[in-house]
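>>> dropping a prediction and its sequence here:
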Amino acid sequence: MSTNLHIKLLGEFYLTADGLVITGVNSERLQALLAFIMLHRDAPQPRQQVAVHLWPDATDTDAKANLRRRLHELKQLIPEIDRWLRVEPKTIQWIQNESCWLDVAEFETAIAASLPLPPSFQTLEQAAKLYQGDLLPSCYDDWIVPYREQLRQQAIAGLD
């Protein structure tokens with residue numbers, strides 16, 4: 001039997017596997033790591049870049065070691081994570097597929113579907129329901145600010 005993930009990054013962080021809440025992903029660093037790779041799911045991300053964004057004040061060596069430890073933790077906590085998380089020697093990528101529901105991806109899809117004017121009330125209503133609050137509000141990293149602001153502006157525009 002294969003696992004299905006349900007991940008919420010808008011508003012409070014929430015993660016379930018087959019309907020069971022995964023409580024172990026409760027550190028801000030683990031949540032930030034998941035958010036970073038999910039927000040960059042369109043292309044593999046250089047491990048060095050991920051490490052520097054998440055641990056900007058650490059040395060390169062320490063940042064890479066922190067990344068390795070957090071990746072190991074994720075592999076221990078999330079069942080069958082290798083179905084979605086592709087870790088290569090130099091890159092990391094989140095593989096979004098039908099067995100993983102991600103509120104940010106659903107929100108972006110709904111917003112994109114509403115772009116042909118006039119927008120569909122149904123797609124805008126769906127986007128409004130998905131936007132439950134700012135993107136990962138517990139994360140104060142500099143890298144997340146542009147993503148948070150972009151999603152907030154899309155939500156505001158959709159409500160207008």
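In hand now; what should we look at?
>>> tell me what the lengthiest helix in the chain is packed against?
Counting residues, the longest helix in the chain under DSSP state H turns out to be helix 60-77. Using 3 or more CB pairs under 8 Å, 6 or more residues apart in numbering; DSSP states H and E as the contact criterion, the elements in contact with helix 60-77 are helix 28-39, helix 47-54, strand 85-87. Using the backbone N, CA and C atoms, a C-beta is placed for each residue, glycine as well.
>>> which positions within that helix qualify as buried?
Neighbour counts over helix 60-77 (16 or more other CB atoms under 10 Å) mark 63, 64, 66, 67, 70, 71, 73, 74, 77 as buried.
>>> wait, what's in contact with the most centrally placed residue in the chain?
Residue closest to the mean C-alpha point of the chain, counted by CA atoms, centre = their mean, is residue 35 at 3.1 Å. With contact taken as CB atoms under 8 Å, 6 or more residues apart in numbering, residue 35 is in contact with 9, 135, 136, 139, 144.
>>> ok, now with 10 Å
Residues in contact with residue 35 (CB atoms under 10 Å, 6 or more residues apart in numbering) are 7, 9, 13, 54, 94, 104, 135-136, 139, 141, 143-144, 147-148.
>>> check residue 13 too.
Applying CB under 10 Å, 6+ apart as the definition, the contact partners of residue 13 turn out to be 7, 25-26, 28, 30-32, 34-35, 136-139.
>>> just the buried members of those residues?
The neighbour-count test (16+ other CB under 10 Å) marks 7, 25, 30, 31, 32, 34, 35, 136, 139 as buried among those.
>>> tell me who's in contact with residue 50.
For residue 50, the contact set (CB under 10 Å, 6+ apart) comprises 33, 36, 37, 40, 63, 64, 67, 70, 71, 91, 92, 143.
>>> nope, residue 81 is what I was after
Neighbour list for residue 81: 3, 5, 17, 34, 71, 74, 75, 87, 94 [criterion: CB under 10 Å, 6+ apart].
>>> and it, what pLDDT?
Reported pLDDT at residue 81 in the predicted model: 94.
>>> quick check: the gap between it and residue 114.
Residue 81 sits at a distance of 32 Å from residue 114 (criterion: CB to CB, to the nearest Å).
>>> in the worst-scoring helix or strand of the chain on mean pLDDT, what counts as buried?
In the chain, the helix or strand scored least confidently by mean pLDDT, DSSP states H and E is helix 121-130, which has a mean of 83. Neighbour-count burial for helix 121-130, with 16+ other CB under 10 Å as criterion, is recorded at 123, 124, 126, 127, 130.
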